[in-house]
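In: What follows is a protein structure lacking sequence information:
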């Protein structure tokens, strides 16, 4: 790692103590970046009967979607871009195919959606949410080939796969009805990187059956893989999710805010410093949150995390990668990351 600016004092409050997404995207795209969430009408193998019809235990009925799938992507884009421009006129805008599993389709269907996305006015790239078992790894990799074919200046020059791992513990994944194990994620991340695609891993803390150090063990699993980003989520009980019944019956206790911050701090200290942190707290949609109540105040959680990291004088990667000197990104102050 390059030597950080000499003025950085690790004991100073207000330093950036994790690798912020703002720094990562500015390096990749030359400007601040915002995302427009799009729904292309895909389903999920864990919902349509390919694997199961129950879905993952924690997933909300909308599959993290916007509910706008009835509109063409161009119409969804036209609704969101003016709002984004009003808040941040200079930002570049990424399309984010977020709902359900956006490679759970034939290569032809996937190609058509990507052509439609690449034609959106002003789009600077794509983040695409999918499952690691929906990429044809080990069976021709046709869908990965389609994705890679769009990574070009006149197509989608930036492309990131948002891949759900959730936990590196196969027993935890099985209890959550995830439908795949950690090895499938590792193979998908490696295959995506070999195709020139970036990978952002999603992790959840507090899943039923997970121990207090599950998040750290999952981070250590990611450190050995070609992963460029991570999104951390505190477990939410969402209205209509299978987990809601487990929670109501007392079979799925939830971490308190202080427990989550402690787990997140431990995990960050072990996380490779080049991996950007795109999310630290889950962001429930209006009306979907059943529990925990503290998850409704994301800003309070971020304040507590910053205080804890400052108090402990620690930072991302300190324990395994950079124990004495803060990485370069520590000198940036990006309050929106």
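Out: On my side now, so go ahead. On a predicted model such as this, the values are computed, not experimentally measured, just so you know. Numbers count the residues shown, from 1 in each chain.

In: host element of residue 301?
Out: Under the criterion of DSSP states H and E, residue 301 resides in helix 298-312.

In: So the spatially most central residue of the chain, which state does it fall into?
Out: The centre of the chain sits closest to residue 231, judged by Cα atoms, centre = their mean, with a distance of 3.5 Å. For residue 231, the assignment made with DSSP: H, G, I helix; E, B strand; the rest coil gives strand.

In: so it sits right up against residue 281, yeah?
Out: No: shown here, residue 231 and residue 281 do not form a contact pair, counting by Cβ atoms under 8 Å, at 9.9 Å. In short, each C-beta sits where N, CA and C put it, glycine included.

In: related to what we said a few turns ago, if we ignore the residues flanking it in sequence, what's nearest the residue nearest to the centre of the chain?
Out: Take residue 231 and drop its neighbours on the chain: the residue closest to it by Cβ to Cβ, 6 or more residues apart in numbering is residue 279, 3.8 Å away.

In: Contact partners for that neighbour?
Out: Going by Cβ atoms under 8 Å, 6 or more residues apart in numbering, residue 279 touches 231-233.

In: How about residue 103?
Out: 42, 110, 128, 130-131, 134-135, 143, 147 are the contacts of residue 103 under Cβ under 8 Å, 6+ apart.

In: which of the residues you listed lies closest to residue 288?
Out: Using Cβ to Cβ, residue 42 is the member of the contacts of residue 103 that lies nearest residue 288, at 19.9 Å.

In: In which helix or strand does the closest one reside?
Out: Assigned by DSSP H and E, residue 42 falls within no helix or strand.

In: Also residue 40?
Out: Short version, using DSSP H and E: residue 40 is in no helix or strand.

In: What distance do you get for the nearest residue to it once chain neighbours are set aside to residue 146?
Out: Closest residue in space to residue 40, ignoring its immediate chain neighbours: residue 113 at 4.9 Å, by Cβ to Cβ, 6+ apart. As defined by Cβ to Cβ, to the nearest Å, residue 113 lies at a distance of 10 Å from residue 146.

In: and residue 89, how far is that from residue 169?
Out: For residue 89, the distance to residue 169 - Cβ to Cβ - is 44 Å.

In: These two - which one has more neighbours?
Out: A count of neighbours by other Cβ atoms under 10 Å puts residue 169 above the other of residue 89 and residue 169, at 19 against 7.

In: returning to that earlier point: check contacts around the residue nearest to the centre of the chain.
Out: Residues in contact with residue 231 (Cβ under 8 Å, 6+ apart) are 162, 200-203, 277-279.

In: again, only this time at 7 Å
Out: Residue 231 makes contact with 200, 202, 278-279, according to Cβ atoms under 7 Å, 6 or more residues apart in numbering.

In: Any idea how many residues pack against residue 314?
Out: As a measure of burial, residue 314 has 18 neighbours, counting by other Cβ under 10 Å.

In: Contact partners for it?
Out: By Cβ under 7 Å, 6+ apart, residue 314 lies in contact with 265, 269.

In: measure it to residue 209 for me?
Out: Distance, residue 314 to residue 209, using Cβ to Cβ: 28 Å.

In: re the thing from before, out of the contacts of residue 279, which one sits closest to residue 242?
Out: Ranked by distance to residue 242 (Cβ to Cβ), the contacts of residue 279 are led by residue 233 at 16.7 Å.

In: Report the secondary structure element holding the closest residue in space to the closest one that isn't next to it in sequence.
Out: In space, residue 233 comes closest to residue 282 once its chain neighbours are excluded; the distance is 4.1 Å by Cβ to Cβ, 6+ apart. Assigned by DSSP H and E, residue 282 belongs to no helix or strand.

In: let's have the chain start at 13 instead
Out: With 13 as the first residue, the last one maps to residue 294.

In: Wait, residue 294 touches residue 244, no?
Out: No: the pair residue 294 and residue 244 fails to qualify as a contact (Cβ atoms under 7 Å) at a distance of 8.4 Å.

In: Looking at those two now, which is surrounded by more residues?
Out: Higher neighbour count among residue 294 and residue 244: residue 244, with 25 against 20, using other Cβ under 10 Å.

In: The more buried one and residue 34: what is the separation?
Out: 16 Å.

In: and what of residue 302?
Out: Residue 302 sits at a distance of 32 Å from residue 34 (criterion: Cβ to Cβ).

In: Those two: which is more packed in?
Out: Neighbour count, other Cβ under 10 Å: between residue 302 and residue 34, residue 34 has more, with 20 against 17.

In: average model confidence for the helix or strand hosting that one?
Out: With secondary structure defined by DSSP H and E, residue 34 is part of helix 33-41. In this model, helix 33-41 carries a mean pLDDT of 94.

In: Check which residues of it are buried.
Out: Residues 33-38, 40-41 are the ones in helix 33-41 that count as buried (16 or more other Cβ atoms under 10 Å).

In: mind putting those residues in JSON lines, distance to residue 262 included?
Out: Shown next, in JSON lines, are the buried residues of helix 33-41 (distance: Cβ to Cβ, whole Å):
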{"residue": "33", "distance to residue 262": "37"}
{"residue": "34", "distance to residue 262": "41"}
{"residue": "35", "distance to residue 262": "43"}
{"residue": "36", "distance to residue 262": "41"}
{"residue": "37", "distance to residue 262": "42"}
{"residue": "38", "distance to residue 262": "46"}
{"residue": "40", "distance to residue 262": "45"}
{"residue": "41", "distance to residue 262": "47"}
